[in-house]
Structure formats: structure tokens, C-alpha cells
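# I would like the atomic coordinates for the input below:
(one chain, ligands or ions: 2)
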Amino acid sequence: MCSRDCCSGQTGKPGNSCADKKKGKGLSDEEKIVPTPQSLLYPYEVIQEIADFIVKGSGMRPRIGIICGSGLGSLADIIQDAKVFEYEKIPNFPVSTVEGHAGKLVVGNLEGACVMAMQGRFHFYEGYPLAKCSMPVRVMKLCGVEYLFATNAAGGINPKYMVGDIMLMHDHVNMLGFAGNSPLQGPNDPRFGPRFPALVNSYNKDLINKALEIGKAMGIESNMHVGVYSCLGGPTYETIAELKALRLMGVDAVGMSTVHEVITARHCDMKVFAFSLITNKCSIEYDDKRDQEANHEEVMAVAKNRQKACCELVSRLIREIHAMPPSGTQAAKTGV
Ligand SMILES: O=P(O)(O)O[C@H]1O[C@H](CO)[C@@H](O)[C@H]1O
Ligand SMILES: Nc1nc2[nH]cnc2c(=O)[nH]1
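Ligands and ions are numbered 1, 2, ... in the order given. From the prediction side, this is the model:
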């Protein structure tokens with residue numbers, strides 16, 4: 001005898017008992033309700049509608065997309081001839097809930113290139129599924145974006161990293177992926193990309209090298225590193241044991257974003273450049289005497305202090321990309 005409610009007579013509806021199911025009457029309406037796979041949250045047509053809204057509303061077709069990290073919204077403030085869309089006014093767009101993420105999409109010109117910048121990203125800990133967090137990347141793609149610039153504020157685990165340093169991301173450890181979560185989970189729409197995308201070399205090497213040269217020219221090479229980022233679900237900052245584990249895995253900086261955006265961008269074949277601004281040093285010693293507790297106020301304050309350097313790095317790199325022929329041309333196929 002089944003011990004579930006359906007057989008104890010409590011539901012009382014025909015078709016609900018195990019015996020009914022055995023007779024082929026099928027599942028109840030309640031039982032038919034299953035969570036929507038992430039990939040079905042924003043079908044291609046909906047993404048296309050949002051992209052059309054932005055392209056028509058701005059009269060521009062951006063080539064470079066920028067995601068501003070916590071406290072790095074000034075990356076969008078330097079855009080000229082800007083058309084600003086508040087997230088609330090964009091159909092089917094989520095809202096930003098985190099301090100330091102204004103919730104505006106800015107389309108305009110930077111160093112001669114047409115760009116679109118998200119002043120405010122969406123995080124898993126806000127309650128959004130990963131596919132919703134990274135949905136704007138697909139919108140960028142359908143707007144015409146070829147290059148994704150993803151920026152973030154992160155804690156430095158590599159003991160050589162100092163507060164205010166910039167780490168150019170050359171790889172990541174996807175902790176949410178280890179736990180079985182992915183923005184691509186669910187049926188795959190091949191109009192975006194393949195079922196099983198490869199992620200080796202996701203971070204464009206030519207762009208990393210150009211950024212290193214720019215760092216030298218800016219005189220900040222000693223504050224610039226190339227390293228591995230890991231995204232955790234947040235909103236808690238890490239325990240010391242977690243930080244030790246991440247360090248053992250080869251992680252240099254830790255945050256709560258970016259990786260799912262990069263996965264979504266690589267799935268639809270965008271070129272990716274990403275960096276972390278190290279806003280705090282993560283202590284991996286229990287008896288560390290310094291006050292090492294991370295907090296969002298400090299993260300924002302450091303980002304504000306370093307926004308000039310971050311803006312210059314992004315501007316100069318965009319100037320170089322703009323000087324290159326658009327991809328698809330023969331010359332572009334051989335370069336970035
Ligand atoms: O990754 P971004 O959005 O830059 O923000 C980082 O800073 C916040 C914590 O202070 C978290 O949201 C973390 O991910
Ligand atoms: N997870 C995490 N995110 C951050 N964002 C800025 N600093 C940190 C940090 O130390 N840990």
C-alpha cells in the first residue's frame with residue numbers, strides 16, 4: 001500500500017491515486033508542474049524582441065558589449081552620444097537590486113566604436129536563475145555585439161595580489177557548474193550555439209596581450225596580473241577553509257559573477273575579454289591579525305578609487321579593437 005497522500009484518500013480527486021495512474025489516467029495538474037529548464041526562460045524570439053527594442057530605440061548597432069562590475073559603473077559614464085535605457089523600461093528585462101549596479105543600459109560611442117554597456121549586472125544570489133543573469137549577453141549578440149568586456153570586483157586569493165590591482169582573466173573555475181548549475185541547462189537552441197560548447201581558450205589571448213601592453217604604457221604593469229577567477233553563488237563571502245580550497249585549485253581571485261556570462265558569450269561565439277579589480281585581500285590564515293573581513297562598502301570604495309585606471313584600460317583596448325577590421329573579413333579571421 002502506498003503511503004503517499006494520493007493513496008491515503010486526502011486529495012480525493014479522481015486520477016490522483018497510484019492505482020489510477022496504473023490504470024493510465026496520468027498525472028494530476030499539480031504533478032505536471034515541473035520547473036522550467038533555464039534555457040527556456042528566454043526563447044530566441046524574446047531575446048530578438050529585446051535586441052530590436054534596443055537597436056531601434058538607440059538607432060545604433062553596437063559592436064562591443066561591456067558589463068560593469070560592482071562600483072565600476074563609470075565605465076558606462078564615459079560613453080559619448082549616449083542613449084540610456086533604464087532596465088525597468090526594457091521589455092522582459094530583470095531589475096538590478098545590488099548597490100553599485102545602477103540598472104541602466106547605455107548605448108553610444110567609445111573611442112569611435114559603437115558600444116553597449118550594462119551599468120548593473122544580475123547575480124545568482126539576487127534570486128535569478130543563471131540563464132536570467134546572463135540573458136543580456138544574448139541580447140548583446142543579437143544587437144550585433146562581437147566582443148564582450150566583462151568586469152568585476154573580486155577578492156584576491158593569490159597572496160601576491162594587492163588591493164587595487166587588476167587581474168586579467170585567462171581562465172575560470174566554475175564552482176556553480178561543479179554543483180550542476182549552468183545558464184545553458186535545458187534544451188539547446190542551435191541558433192545561439194552548440195549543445196556542448198568547448199571553453200578552452202575562452203579568454204581571448206590577443207586581447208590579454210594587448211591589455212598587458214596597455215598596462216605597461218599606463219605604467220601600471222606591476223599592478224596587473226593574469227590569473228584565474230572563480231565564481232561562487234554568494235551572497236556570503238568565503239570562509240577561510242573555502243578560500244584555502246580555492247587556492248589549492250589554482251584560483252587567484254574570487255567573486256560572484258562573470259563566469260555564466262562568459263559561458264553564454266562563448267556559446268554564441270563572442271570574443272571575450274574580462275578582468276577583476278581586486279577590491280580586497282582574502283586572508284587564508286586563521287590567525288591573521290589584520291582585519292580581513294570582506295564587505296561591500298570596501299568593495300565599492302576601492303572600485304571608486306580605481307575607476308580611472310579601469311576606464312583608461314577599457315578605452316584604450318576598445319580604441320585598438322576599433323582600429324581592426326570587423327570580424328568576417330579575411331584580415332580579421334587571422335587576428336582577434
Ligand atoms: O561581480 P561583481 O558584480 O563586480 O560584484 C562583486 O562584488 C559583490 C560583493 O561585494 C558581489 O556581487 C561580487 O560578485
Ligand atoms: N565571493 C567574493 N566576491 C567578492 N567581490 C568582491 N570581493 C569579493 C570576495 O572577497 N569574495
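
# distance of residue 285 relative to residue 74?
34 Å (Cβ to Cβ, to the nearest Å). Glycine gets a C-beta too; all of them are placed from N, C-alpha and C.

# among these two, which residue is more densely surrounded?
The residue with more neighbours, out of residue 285 and residue 74, is residue 74; 15 against 12, by other Cβ atoms under 10 Å.

# backbone phi and psi for residue 148, please?
Backbone geometry at residue 148, expressed as degrees, to the nearest 10, gives phi -100, psi 130.

# residue boundaries of the helices in this structure?
Under the criterion DSSP state H, the chain carries helices at the ranges 5-8, 18-22, 29-32, 44-58, 74-77, 130-133, 135-143, 175-178, 205-218, 240-248, 259-267, 296-322, 330-334.

# reformat these as JSON lines; add mean pLDDT and distance to ligand 1.
As requested, the helices of the chain are arranged in JSON lines below (pLDDT from 0 to 100; distance: least, Cβ to the nearest ligand atom, whole Å):
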{"stretch": "helix 5-8", "mean pLDDT": "37", "distance to ligand 1": "41"}
{"stretch": "helix 18-22", "mean pLDDT": "47", "distance to ligand 1": "45"}
{"stretch": "helix 29-32", "mean pLDDT": "71", "distance to ligand 1": "36"}
{"stretch": "helix 44-58", "mean pLDDT": "98", "distance to ligand 1": "21"}
{"stretch": "helix 74-77", "mean pLDDT": "95", "distance to ligand 1": "11"}
{"stretch": "helix 130-133", "mean pLDDT": "97", "distance to ligand 1": "10"}
{"stretch": "helix 135-143", "mean pLDDT": "98", "distance to ligand 1": "13"}
{"stretch": "helix 175-178", "mean pLDDT": "97", "distance to ligand 1": "12"}
{"stretch": "helix 205-218", "mean pLDDT": "98", "distance to ligand 1": "18"}
{"stretch": "helix 240-248", "mean pLDDT": "97", "distance to ligand 1": "14"}
{"stretch": "helix 259-267", "mean pLDDT": "98", "distance to ligand 1": "10"}
{"stretch": "helix 296-322", "mean pLDDT": "95", "distance to ligand 1": "4"}
{"stretch": "helix 330-334", "mean pLDDT": "38", "distance to ligand 1": "30"}
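
# among those, which comes closest to ligand 2?
Among these, the nearest to ligand 2 by Cβ to the nearest ligand atom is helix 296-322 (4.5 Å).

# tell me what the closest one is packed against?
Identification of packing neighbours for helix 296-322 by 3 or more Cβ pairs under 8 Å, 6 or more residues apart in numbering; DSSP states H and E yields strand 64-67, helix 74-77, strand 104-110, strand 113-119, strand 147-156, strand 166-174, helix 205-218, strand 271-281.

# got a list of contacts for the second one?
Spelled out, that is helix 74-77. 66, 68, 82, 104, 106, 117-119, 151, 307, 310-311, 314 (Cβ atoms under 8 Å, 6 or more residues apart in numbering).

# for that helix, which residues meet the burial criterion?
Neighbour counts over helix 74-77 (16 or more other Cβ atoms under 10 Å) mark 75, 76 as buried.

# give the buried residues for stretch 210-230.
For stretch 210-230, burial by neighbour count (16+ other Cβ under 10 Å) applies to 210-211, 214-215, 220, 223-230.

# could you do stretch 307-316 as well?
Going by neighbour count (16+ other Cβ under 10 Å), the buried part of stretch 307-316 is 307, 309, 310, 311, 312, 313, 314, 315, 316.

# as CSV, the contacts of helix 74-77 with distance to residue 158 would be great.
As requested, those are exported to CSV (distance: Cβ to Cβ, whole Å):
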residue, distance to residue 158
66, 25
68, 24
82, 36
104, 33
106, 32
117, 28
118, 27
119, 29
151, 18
307, 23
310, 19
311, 24
314, 23
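
# could I get those as TSV with distance to ligand 2?
Shown next, in TSV, are those (distance: Cβ to the nearest ligand atom, whole Å):
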residue	distance to ligand 2
66	18
68	14
82	27
104	21
106	23
117	20
118	17
119	18
151	12
307	15
310	14
311	19
314	19
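
# now the end-to-end length of stretch 264-282.
Separation of the first and last residues of stretch 264-282 by Cα to Cα, to the nearest Å is 28 Å.

# near ligand 2 at all, that stretch?
Yes. Under the criterion of Cβ under 6 Å from any ligand atom, ligand 2 is reached by stretch 264-282 at 279, 280, 282.

# skip the chain neighbours and tell me the closest residue to the closest residue to ligand 1 within the stretch 1-150 of the chain.
At 2.9 Å from ligand 1, residue 69 is the closest residue in the stretch 1-150 of the chain, using Cβ to the nearest ligand atom. Once flanking residues are discounted, residue 69 sits nearest to residue 152: 3.8 Å by Cβ to Cβ, 6 or more residues apart in numbering.

# name whatever forms a beta bridge with that neighbour.
Beta-bridge partners recorded for residue 152 (DSSP bridges): residue 276.

# isn't it up against residue 279?
No. Between residue 152 and residue 279 there is no contact under Cβ atoms under 8 Å: 9.3 Å.

# possible to save the helices of the chain as a markdown table with distance to residue 169?
Shown next, in a markdown table, are the helices of the chain (distance: least, Cβ to Cβ, whole Å):
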| stretch | distance to residue 169 |
| --- | --- |
| helix 5-8 | 50 |
| helix 18-22 | 51 |
| helix 29-32 | 42 |
| helix 44-58 | 25 |
| helix 74-77 | 16 |
| helix 130-133 | 17 |
| helix 135-143 | 15 |
| helix 175-178 | 15 |
| helix 205-218 | 8 |
| helix 240-248 | 15 |
| helix 259-267 | 8 |
| helix 296-322 | 13 |
| helix 330-334 | 23 |
